[in-house]
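Participant: pasting a predicted model and its sequence here:
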Amino acid sequence: MRRSYKRWEDIHLSHINRKSASASFWRYRSKKQALEMNKEESIGYQSLDGEWEFLYLEAPELSPSGFYQIDYDSSKWDRIEVPSCWQMKGYGKMSYTDLYYLFPINPPYVPTDNPTGIYRRGFHVDELALGQRIILKFNGVDSAFDLWINGEHAGYSKVSRLPSEFDITPYVAAGDNQIAVRVYQWSDGTYLEDQDMWWLSGIFRSVELYQVPETTVEDIYVVTEFDEWYQDSELKVQIKLDSCSEQEKKVRITCELLDDQGELVTEMEQGMTFSAGATHDITLTKLISSPKQWTAETPNLYSLLVTLYEGEQAVEVIPVRIGFRCVEVKDGNITVNGKVIMINGVNRHDHDPEHGRTVSKERMLQDILLMKRYNINAVRTAHYPNNEIFYDLCDQYGLYVIDEADLECHGFELIGRYDWLSDNKEWEQAYVDRAERMVLRDRNHASVIMWSLGNESSFGNNFVSVAQACKRLDPTRLVHYEGDRKAIVTDVYSTMYTRLEALKGIGKDDEGKKPHIMCEYGHAMGNGPGGLQEYQDVFRQYKRLQGGFIWEWCDHGIQQMDADGDTYYAYGGNFGDEPTNGNFCIDGLIYPDQTPSPALLEYKKVIEPVKTTAVDLKQGMIEIENTYQFIDLSHLQLEWKIVYDDQVLAQGKTSLETILPGEKREHLIDYSIDEVLPNTDYYLNLQYKLKDGMAYAEQGHVVADAQFKLPYERTEVTVRNVSGELSIVRDAVYTTISNAQFEAVFDHVYGYLHSYRRHGAAWIERGPRLTMWRAPIDNDMYKVDDWKKKYFLHLSSEQLMGFDVKDYGSYAEVNISTYFSALNQAFGFESTYRYTVYADGAIRLHLAGEPVIYSKEVPSMLPRLGIEMHVCQELGDVTWYGRGFGENYVDSKQASMMGVYRAAVEELHTPYVYPQENGNRTDVKWFSMSDREASSLLFKSRNSCELTVHDYTTEALERAKHHHELEKASYHVVHIDDMQTGLGSNSCGEEQLPPYKLGLRSFAIDVEWSSVVPGTEVCMSKRLYAEKE
């Protein structure tokens, strides 16, 4: 037996008394006010943000009788800030899922346990002018709500991430008034709002009041249509007028177009006679000669002032910011103003670690400034329309936007009926309503270049209707939806997490096909993604491929405080929520506090708009390619340096010749190196900086960079000349090699260097031991079970096969043979450690290993292969020559230049929300650890190695589930790796690409350490000793 629908379950009831959707704008009394665009000065504006009375209930049926009446006593209710999400204020349950619904799937019914919030507050209205109407606007309420004004039911609405406006004039009296709102966490609309995010409820965007005159502009739709040369544009302004007057009226509409300096470009006018209570649609057009065009690179905006006159009296002045731009598919490519564009984008959720989906303008602006500074040119509003303010900022600063409807029913995929709703005629209007309201609100924004019909909701006839609605309301933009796998109704072919080889296949198959974008790729969960350069190379290689959007912009951590007052970020499951997808919401290019992650640095480099290649480095000739689509490079200044070690040999600045979009040009760097120092690498470092400050960054901001190793080499080999004697003492467990300067203790039972001491202090507390394990990164998640439960790679054992010591007077040689393998495995490595211990205290380790495979059951790749040692805590300052400054891995090192860098050990740690392997540096040729005063231990690698230095053990990193839970070791953990497997993005996407997978293969590590005076590390690193000693 199925009961009748409750109001919040009725899919055929989209609203009660809600106004028709329209463009978002404010009305002013004067042109001066209109140009200032301060909505608080608009006609009759009141913000109802602030403190409201609040009652939380577990079900709407538990609402107290008459709670909406004017005289109801709610003085004992709690107080809550509006806007806010009530879970973030301690009400209800925090819960995160990627695709699970938190109730049984039985559409359109929702649980009886339906968390409900009742809000009350008063507001004051002055005496209304005759015919004046009062509009109440809710910018975002999750998920459905009823509205009462002065005790009378005034409306109902749903669709969480879109505004709902109500004409409350019939219910309002001059003076004090009372508003009551009842919000339901679950509604039939929830079935269409199953996005990957926290389930958060309440009035989470602003609530506003404003007034409109008796005769008013109800809607404005601005279209710019270029000629075939994209030179001149027709400006078409479609205006909907509405009157509630009982009398006929004569009105006049003017449209004035002003440029960014406030100068009048053109104006249009039309008069008309209004019948009583009528609506009228008018269209004004004008040809604009050579307008400044809007693109993400050139966000030129004009102000359109629409003024309604009655006689000579301006009734209202409405400002609309517009851009002249045209989006089309031409010759199989997405074009803006006739030029093919490349999407270097990100997916962005509305998220604030303290306020949930209540996001301030300041945070939105910081997001956009970061995107621009890191070369991002596009954003997908995943997976719902954002706050209106966000689009204004995208218009202003220049970002292409895919505007996505608030529509996802991903959880249906898990029950094997993915298209249950999407191909269900009964749900058609619910689908269409979500898209129509989005289009009508946002279609005047120049930044919006595509409408996305939704996300991960399969496909069906309802999406055909949605696409048709979008095209009917706005034929000027493209339609996108990844779920339309055959691009039946969409203008672009969109995929997500496509593997690289499959992507190449799509690129090759371009005959008569629609353009392709990846709406999601490069899953940025934890440490990663890797392989971004390879994806960008493929995008550039094939005409059909036009880039994509990284998943995603920001970690969705929720700020919490532990018992000690330390801040950390919570994720799914931390609130006892079940089911959950755990830390799958910690998957952004920036941390919850908007700090850029290493992945964002890498992405900036990969998508930089200036590419540099070497032509003849000895002569200083390079080639500069401008990969912007619309602007030349005149806004940039090239700064170059010739560097070696930590020194600058020469430097200069130069303005760039006019290099047009897509053009390449050779450029000469005039330098000379008079004397080449022995065993020294020379580099040409280039930085392309802003000549002048821009809206998004200050003068000197680095837009792009490059580094080239110069072809100057001079090898100088020194014969080691060591004098002195060594004492070699052997007992039951240890062999000790020493003299007055040092002591090296070898364990000949287990076969390793037990400790290394200088002047009585233990500098190395445990010597090198082989390891193939790393604290799993999120992108290892689908390998970890095999690694741990099938191959036991975290439980390795090194068996001593031979131990031999030879005394050569001024040096000794210790040869240790081992068999290294994981438990219960029939594969491993036969390895030889050859330690050469010199009388001056220097030790050289040559470690070589060969794989031994007795079974076909072997892992396809190992996490790492190298040595781990423990260095005393006092040596806490690290200098290295390799890639830096930040962490880098074999498949994520484009942003990391070679150089000499210095950092404290704690600075080498990357504080991922969910602890995991981090802090690696690649291509390291030498490094030192010192106390900066008296002691420094210098490590030189004959072959480049990978290096991590931590205050944490691998076990501690793996054990901790939040950063504040990490327990520091009493020593520094040093890993010197022959190789670490790359990062990939396999948490949701591509595995590590083949070149970056570490298989069972031969390996060699050749490293020497010695004591040096702090500050002399660079000089001492150049001593290269002959092999035959």
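Facilitator: Yep, that arrived.
Participant: which residue ranges of the stretch 501-650 of the chain form strands?
Facilitator: 516-521, 545-550, 558-561, 567-570, 610-616, 621-626, 636-644, 647-655 (DSSP state E, counting those that start in this stretch).
Participant: do you have the helices of the stretch 51-200 of the chain handy? List them.
Facilitator: Using DSSP state H, counting those that start in this stretch, no helices are found in the stretch 51-200 of the chain.
Participant: again, but for the chain
Facilitator: 31-36, 361-373, 388-397, 428-442, 461-473, 500-508, 532-541, 598-606, 781-785, 954-959, 1017-1020 (DSSP state H).
Participant: identify whichever of those helices lies nearest to Pro678.
Facilitator: helix 1017-1020 (11.3 Å; CB to CB). Placement of C-beta: from N, CA and C, glycine included.
Participant: which other helices and strands contact that closest one?
Facilitator: strand 877-884, strand 921-930, strand 936-950 (3 or more CB pairs under 8 Å, 6 or more residues apart in numbering; DSSP states H and E).
Participant: quick one on the thing from earlier: and the helices of the chain, which one is worst for confidence?
Facilitator: Among the helices of the chain, helix 1017-1020 carries the lowest mean pLDDT, a mean of 92.
Participant: what residues sit buried inside that one?
Facilitator: Judged by neighbour count using 16 or more other CB atoms under 10 Å, the buried positions of helix 1017-1020 are 1017-1018, 1020.
Participant: state the distance from the residue nearest to His445 when sequence neighbours are not counted to Tyr28.
Facilitator: Of all residues not flanking His445 in the chain, Tyr391 sits nearest, at 4.5 Å (CB to CB, 6 or more residues apart in numbering). Per CB to CB, to the nearest Å, Tyr391 is found 20 Å from Tyr28.
Participant: now do Asp785
Facilitator: 62 Å.
Participant: okay, these two: which has more neighbours?
Facilitator: Using other CB atoms under 10 Å as the criterion, Asp785 and Tyr28 rank with Tyr28 on top: 25 against 10.
Participant: nearest residue to that one in space, please, no chain neighbours.
Facilitator: Ala34 is the one closest to Tyr28 (CB to CB, 6+ apart), at 4.2 Å.
Participant: can you count the residues close to that neighbour?
Facilitator: 26.
Participant: check contacts around it.
Facilitator: Contact partners of Ala34, counting by CB atoms under 8 Å, 6 or more residues apart in numbering, are 28, 305, 317-319.
Participant: from those, which two are the most distant?
Facilitator: Tyr28 and Leu305 (9.4 Å).
Participant: which residues do these two both contact?
Facilitator: Common neighbours of Tyr28 and Leu305 (CB under 8 Å, 6+ apart) are 34, 317-319.
Participant: my read: the residue nearest to His445 touches Asn444, true?
Facilitator: No. Using CB atoms under 8 Å, Tyr391 makes no contact with Asn444, being 9.1 Å away.
Participant: what strands line up against the helix or strand bottoming out on mean pLDDT in the chain, and which way round?
Facilitator: Here the helix or strand of the chain ranked lowest by mean pLDDT, DSSP states H and E is strand 1024-1025, holding a mean of 84. Sheet pairing here is set by DSSP bridges, and for strand 1024-1025 it gives strand 717-718 (parallel).
Participant: kindly provide the whole-number mean pLDDT of the strand it pairs with.
Facilitator: pLDDT averaged over strand 717-718 gives 88.
Participant: return the set of buried residues in stretch 680-695.
Facilitator: Applying 16+ other CB under 10 Å to stretch 680-695 flags 680-690, 694 as buried.
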